[in-house]
Structure formats: C-alpha cells, structure tokens
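J.: 3D, please:
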Amino acid sequence: MSACGCDGTDLLPVEEAIAQLLQRVPAAPAVQQLRLEQALGRVLAQDILSPVQLPAWDNSAMDGYALRAADLPAEGGYLPVSGRIAAGDGALQPLPAGQAVRIFTGAPLPAGADTVVPQERCRSEGAGVWLPAVTRGAHVRQQGEELRLGQPLLSAGIRLRPQELGLLASVGLAEVPVYRRLRVCLLSSGNELREPGAALAPGQIYNSNRYCLGALLRGLGCEVHDYGVMADELAASRDALSLAASEWDVLITSGGVSVGEEDHLKQAIRELGSLQLWRLAMQPGKPLAFGEVAGKPWIGLPGNPSAALVTALVVARPFLLKAQGLAVVQPNVLQLPADFDWLTPNSRRQYLRAGLQRSADGQTRVVLHPQQSSAMLSAACWADGLALVECASTLHKGDLVQFLPFAELLQ
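T.: Next up, the predicted model:
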C-alpha cells in the first residue's frame, strides 16, 4: 500500500501511523512451554531444529511389493515372494537376492530393497508375483528425504496452525516454546452506551463495539479482559485506566478521541502517561489516538462502529501482532479488477466494504456495498474485505484495485 501525503491537509498517512506504532511495540510476552494439544494459534518463541531424520528409514509409499530393481528383467518378470512387511514391523532380515517381499504403506524396506511396485500393477502367481518393468527407487520414501538431523524445522514468530503442530509431532516433540498470550484490556467510552437486551432511553445506543472489537482481538490471538463502559467523568476514566494498566499488557478504548468530544478520557491519559492524537488519511477512521498509561501502550479507536472496526484491522492489528511476537504483521494485498467507478477524489484513502463476484468473463471482480457509512456494520457483514482507493485518486471499472480480504485481516 503506497503512502499518501494528501497535500493541503494535516492528515497523517496510514503507513506512517503504522510505522510509528510499530516502533513503540513493547517486548514480546514471556515464553512458556506448552504441550502440542494446547498450542494451536500460539506464536512460536524460538527457532526449532529437527531432532531426527524424517523419515527415519527408507519406507514404502505404497501397498505393493519391494524388490531390488537389478533383480528384475528390463521388460518385467516373475519373482518369488519371500515374506510380508507391515507398518510397525521391527528389525528385518535383508532381502534375499532375486526375490520380492510383500510390503504395505509406511513399512520399512528391508536391506537390499530399493524399489516398490504398487500392488495394482502386479499379478500374484502361486508363491510369487509377476512384476512390470520398474524404475529404480520408485515409490520409496528415502531416509531423511523430508528433514535431516539439525535442519531448520520452524522459525520463531509464526503462529502455529494444525500443520505445524503435526510437523512437530512427526519429529517426536511433545512440547513447544510459545509466547504467553498478549493480555489486552478493552474499555468503551460513552454515557450513551447500553448493553444488548437492556431497554434504551432516548439518545442511548447499544454497545456494539464491545462485542465486535472483543471478538476481533480474540481472533487475533489475544487474551481479552473487558472492563465495560467508562463513565464520562475524569475521575472514573482515570481510575479505570489506572487499574487496567496495572493488570494488562495493552489497553484499547473505543470512542472519546474525536475533536469536540468530551475530554475526560484524553485528560485522564495525559495525567497518567502520554497522549498523541492523530488525524489519519483514511476513511472510515480518521481519529486515532496512541499513548501510554503507567508505562502500558494504549490505542484509542474511533467510536463509530464501522470506523472502529476498519481502524482496528488496518492500524491496530499490526501493532497487536508484533506485540505477540509475530514476525509478519502485514496482510497480503490482492490486485483485482474493480466492478465499480470511483470518480470523485478524496483527501483520505478509502477503505470500502467490498465483496468478490465472479463476472460473466470468469474474472473475480470487486463490487461495493451501496452503504459505506462509518457508523454502520451491515456493509462489513456483507463484504469479503476492504477495497482501497488512494487519496486524491479516481478509479474506473476494470482498473485494478487493492483488496484486503477479511480472511487475512481477521487472524
């Protein structure tokens, strides 16, 4: 994503805001040893080298017959069968010269055997088997073919998926060093906020950010502690923030950071630590604040639900991932043809809620939801991701547009 200075404004480019945040990421959490069954989704804290060779010995990739390729005529032929080897069988006798052995997938090859022929290509004949022409080494998994002893297995800073856990198990590791989960405290600001299920008085709204942002943070691998809504009072804000900073790693609030809003939250931050207020060159999500509360990082997100979501995904997410010890914190960006026109340039980069649609020509194209309000989440529920239109830019149908899939952003 390219930076934009947005001439004539005092808006901070998105990349600059992210870069400043990343420079302030605290040290990763403490390292702990977890059993593999507990480690899904955790961040690997140390490089892992293979403690074994994999496979540990030559073995069969197929059910069939193992033989010494040199014992078979070039055109194929008949060999007597001297035994049977199943997966899990122990020490084996060497393969007698001029013979084959019945073998099953995963079973170790006997000494002297170098080739396996799948059973469907063979024909059993009495005490022996007819075999077609073979290529030496066919259908054999060679010792150390996948991993050599001491070879790099996994690198620190990755999030462990099922496949990584399976690989660790395949080399005999029962535990893995991971970072403790990042502990994030989530607070909401606004006297107008009420919990779902409660009756609303005039001027009140339900607190959607609490549930949207809390779920987002958990999806990113954080341990979330929800302090609910802070009263719009200086003492209440100061007390809640001070307590949160004494217990958790990172503080995130929504609301209370726009120009003209009640100043209690910002004043409490100033009194307890440091405060920076940014106006970002992005829409939705212009207001963003960052600072420290008693030495703990604090990110202040906008209050409008869609703006809070988009800002959390685009700006806060890289900070939170790096704070967990992850090495790669930016999502992959797709380049796809737009199925819309954007003819009016804007001073802020647009993060448009967009879907993917297969057109008649077979191309996947980016389509926009008709409602792009910063206060409405329905478009984000419909969308597959965010389409980016750079500030001061226009776009025509068929032009390539940058697309950030939710499948990337929400993990």
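
J.: now for the helix or strand hosting residue 167, which elements pack on it?
T.: If you go by DSSP states H and E, residue 167 is part of helix 162-170. Helices and strands touching helix 162-170, by 3 or more Cβ pairs under 8 Å, 6 or more residues apart in numbering; DSSP states H and E, are strand 152-154. Quick note: C-beta positions are derived from backbone N, CA and C, even for glycine.

J.: what's next to the strand it packs on, contact-wise?
T.: 44, 47, 48, 49, 50, 147, 164, 167, 168, 171 (Cβ atoms under 8 Å, 6 or more residues apart in numbering).

J.: Identify the farthest-apart pair in these.
T.: Spanning the widest gap among the contacts of strand 152-154 are 44 and 147, at 16.6 Å by Cβ to Cβ.

J.: So if I had to pick from these two, which one is more boxed in?
T.: residue 44 (24 against 20; other Cβ atoms under 10 Å).

J.: Out of the contacts of strand 152-154, who's the most crowded?
T.: In those, the most neighbours by other Cβ under 10 Å go to residue 44, 24 neighbours.

J.: on that earlier part again, right, and the helix or strand after the helix holding residue 167?
T.: Downstream of helix 162-170, the first helix or strand assigned by DSSP H and E is strand 175-179.

J.: and the helix or strand following that following strand, what's its mean pLDDT?
T.: As assigned by DSSP H and E, the chain's next helix or strand after strand 175-179 is strand 183-189. For strand 183-189, mean pLDDT is 93.

J.: returning to what we had before: please convert the contacts of strand 152-154 to TSV, extending it with pLDDT and distance to residue 369.
T.: Output for the contacts of strand 152-154, formatted as TSV (pLDDT from 0 to 100; distance: Cβ to Cβ, whole Å):
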residue	pLDDT	distance to residue 369
44	98	37
47	98	43
48	98	43
49	98	48
50	97	48
147	96	47
164	98	36
167	97	40
168	98	42
171	97	47
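
J.: Show me which of these is closest to residue 258.
T.: residue 44 (39.1 Å).

J.: pretty sure the closest one is in contact with residue 176, am I right?
T.: Yes - the criterion here is Cβ atoms under 8 Å, and residue 44 meets it with residue 176 at 6.7 Å.

J.: Quickly list what's touching both of these two.
T.: Taking Cβ under 8 Å, 6+ apart as the contact rule, residue 44 and residue 176 both touch residue 160.

J.: Just confirm residue 210 is within a strand.
T.: No - under DSSP: H, G, I helix; E, B strand; the rest coil, residue 210 falls outside any strand and is assigned helix.

J.: report the longest helix in this protein, please.
T.: Scanning the chain for the longest helix, with DSSP state H as the assignment, gives helix 234-247.

J.: Return the list of helices and strands in contact with it.
T.: strand 183-189, strand 223-230, strand 250-254, helix 264-272, strand 287-293, strand 296-301.

J.: Mind doing that once more with 6 Å?
T.: Helix 234-247 sits against strand 223-230, helix 264-272, with contacts defined as 3 or more Cβ pairs under 6 Å, 6 or more residues apart in numbering; DSSP states H and E.

J.: Retrieve the pLDDT associated with the residue in the chain sticking out farthest from the centre.
T.: Relative to the C-alpha centroid of the chain, counting by Cα atoms, centre = their mean, residue 126 is the outermost residue, at 56.5 Å. pLDDT recorded at residue 126 is 89.

J.: Check the spacing between it and residue 118 real quick.
T.: 20 Å (Cβ to Cβ, to the nearest Å).

J.: ok, the residue lying closest to residue 142 once chain neighbours are set aside - how many residues close by?
T.: Residue nearest to residue 142 in three dimensions, not counting chain neighbours: residue 58, with 5.8 Å by Cβ to Cβ, 6 or more residues apart in numbering. By the criterion of other Cβ under 10 Å, residue 58 has 20 neighbours.

J.: contacting residues for residue 58?
T.: 109, 140, 142, 143 (Cβ atoms under 6 Å, 6 or more residues apart in numbering).

J.: how does it look with 7 Å?
T.: 108, 109, 140, 141, 142, 143 (Cβ atoms under 7 Å, 6 or more residues apart in numbering).

J.: Check residue 198 too.
T.: Contacts of residue 198 (Cβ under 7 Å, 6+ apart): none.

J.: ok, now residue 134?
T.: Going by Cβ under 7 Å, 6+ apart, the list of residues near residue 134 reads 69, 72, 115, 117.

J.: Which one of those residues is nearest to residue 63?
T.: Nearest member of the contacts of residue 134 to residue 63, counting by Cβ to Cβ, is residue 117, at 10.3 Å.
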